[in-house]
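Would you be able to build a 3D model of this:
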Amino acid sequence: MSKSLLFVGSCNRALPYFAKANGKGIAAFRIDDETGAVEALGVTEGIDNPTFLATTADGKTLCATSEVLGWNEGTITAYAIDRETGNLSYIDKQPTRGDIAAHLSFDAASRYVASVNYSVGPTTAWPNRAVVVYPMAADGELGPPVAEVSHAGKGTDPVRQDRSHAHCVRWTPDNRFVVVADLGLDKLVIYAFDTATGGLTPHGELAMPPGSGPRHFAFHPTLPFAYAVNEMASTVASLAFDARAGSFKLLGVEATVPAAALGHSHCSAIKIAPSGKRLFVGNRGEDTIARFDIDPATGLTTRAEATPAGGKTPRDFAFDPSGKYLAVANQDNDQVALFRYDAASGALTPFGAPIATGTPTAIAFVAA
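You can find the predicted model right below:
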């Protein structure tokens, strides 16, 4: 009988753009992958607003960002994972070199961690970095930043795009480039990555349609494509990715919600199913998880259906390590919903009982 550890980040300190802050920290649960039965394992406290989480590929280390309004710098905190108990043991933390820490990821070898700052303060406020890279030791200890870059400019929307708002950072599958989705600039910004030093060198960029607001993106697991979810426009952009050149080409854009929902719904996360045949997008406002079929020849997506998210404001979601089900963090009704994933049809159906936890904002799985 297989089981998985589920870690859930939360908002536990008031933010004006969250309806409430009912979280306590990082909650841990053990889930039976066959039945959906859930065992609550406890909550790691002593961290402010761990609103985004990520775990290393080996399942030994979890890192969390702290998103606190009014701080010139957020923090990134590293924990060692005890897979027997689900306990998190504090390792260390580093400043994010900018305000409103939004996202983090690991390079392919888990030797480096990158974080981005959404940034709402004036561009003159120090240190105002958009993306930062840290070295990470084998035991999970984070070193001081080895690379940090600011983004300049603005987009077409005077309210949402008054400045750079970096929202997601990922390494390319070959580990040669670091890519940042900047909602404020309507761009994916590409950096060449030095694996020896952790350094970043400006390499290129891809402009999205004006007013798109790219939030998150994901690389296809086997094909030369990538997909960006645009928060403001409620669209998915299909991209051709040239790994050798480290460049993207926009192939097409498709709406994630019906036209009637465009005024009150905003996209959140994007995930590709393990098979690579489908991708899923969260719609906050319509409160659905939209499914798209991927054409393996062209890379283009076709919207298939939308499943109610099992709660209000689906901010993040993730597949379990086996790819059998999806966990959705519904931040505004204090619960995580589980859905069985039918790999043949792509359908999502409720799986087990919802998990009660305060203001869930991020999902991270580890095989138990």
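
can we go C-alpha only for contacts and neighbour counts from here?
Fine.

What separation do you get for residue 139 and residue 47?
Noted for residue 139: a distance of 20 Å to residue 47, by C-alpha to C-alpha, to the nearest Å.

was I right about residue 220 contacting residue 226?
Yes. Residue 220 is within contact range of residue 226, at 5.5 Å (criterion: C-alpha atoms under 8 Å).

quick one on the thing from earlier: of residue 139 and residue 47, which one has the most company?
residue 47 (17 against 12; other C-alpha atoms under 10 Å).

How many neighbouring residues does the nearest residue to that one once chain neighbours are set aside have?
Take residue 47 and drop its neighbours on the chain: the residue closest to it by C-alpha to C-alpha, 6 or more residues apart in numbering is residue 25, 6.2 Å away. If you count neighbours by other C-alpha under 10 Å, residue 25 ends up with 26.

in the chain, which spans are helices?
Counting by DSSP state H, one finds no helices in the chain.

Run through the strands of the stretch 151-300 of the chain in chain order.
166-171, 177-182, 187-193, 200-207, 214-219, 225-230, 235-242, 247-255, 266-272, 278-284, 288-294 (DSSP state E, counting those that start in this stretch).

Now do the buried residues in the longest one.
Right, the one you point to is strand 247-255. Neighbour counts over strand 247-255 (16 or more other C-alpha atoms under 10 Å) mark 247, 248, 250, 253, 254, 255 as buried.

and if you look at the fifth one?
Residues 214, 215, 216, 217, 218, 219 are the ones in strand 214-219 that count as buried (16+ other C-alpha under 10 Å).

Show me what it is packed up against.
If you count contacts as 3 or more C-alpha pairs under 8 Å, 6 or more residues apart in numbering; DSSP states H and E, strand 214-219 packs onto strand 166-171, strand 177-182, strand 225-230, strand 266-272.

Also compute the angle for it relative to strand 235-242, please.
For strand 214-219 against strand 235-242, the angle by axes from the mean of the first three to the mean of the last three C-alpha atoms, to 10 degrees is 40 degrees.

Output strand 214-219 in PDB with nothing but the alpha carbons.
What follows is strand 214-219, C-alpha atoms only, in PDB (Å, rounded to 0.1, in the frame of the first residue of the first chain):
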ATOM      1  CA  PRO A 214       2.300  35.600 -17.100                       C
ATOM      2  CA  ARG A 215       2.200  34.000 -13.600                       C
ATOM      3  CA  HIS A 216       3.600  30.500 -13.800                       C
ATOM      4  CA  PHE A 217       4.900  28.200 -16.500                       C
ATOM      5  CA  ALA A 218       5.900  24.600 -17.000                       C
ATOM      6  CA  PHE A 219       8.100  22.600 -19.400                       C
END
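
Which residues does it contact?
Under the contact criterion C-alpha atoms under 8 Å, 6 or more residues apart in numbering, strand 214-219 has outside partners 167-168, 172-173, 181-183, 186-188, 208, 225-232, 267-272.

Nearest to residue 61 among the strands of the stretch 151-300 of the chain would be which one?
For those, proximity to residue 61 was assessed by C-alpha to C-alpha; strand 166-171 is nearest, at 17.5 Å.

Quick check: bridge partners of residue 132?
Beta-bridge pairing for residue 132 (DSSP bridges): residue 115, residue 148.

residue ranges with poor pLDDT in the stretch 151-300 of the chain?
Within the stretch 151-300 of the chain, the set of residues satisfying pLDDT under 70 is empty.

still on that earlier bit, quick one: the buried residues of strand 214-219 as TSV, columns for distance to residue 240 too.
Compiled in TSV, the buried residues of strand 214-219 are given as follows (distance: C-alpha to C-alpha, whole Å):
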residue	distance to residue 240
214	16
215	18
216	16
217	13
218	12
219	10
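
Fine by me, thanks again.
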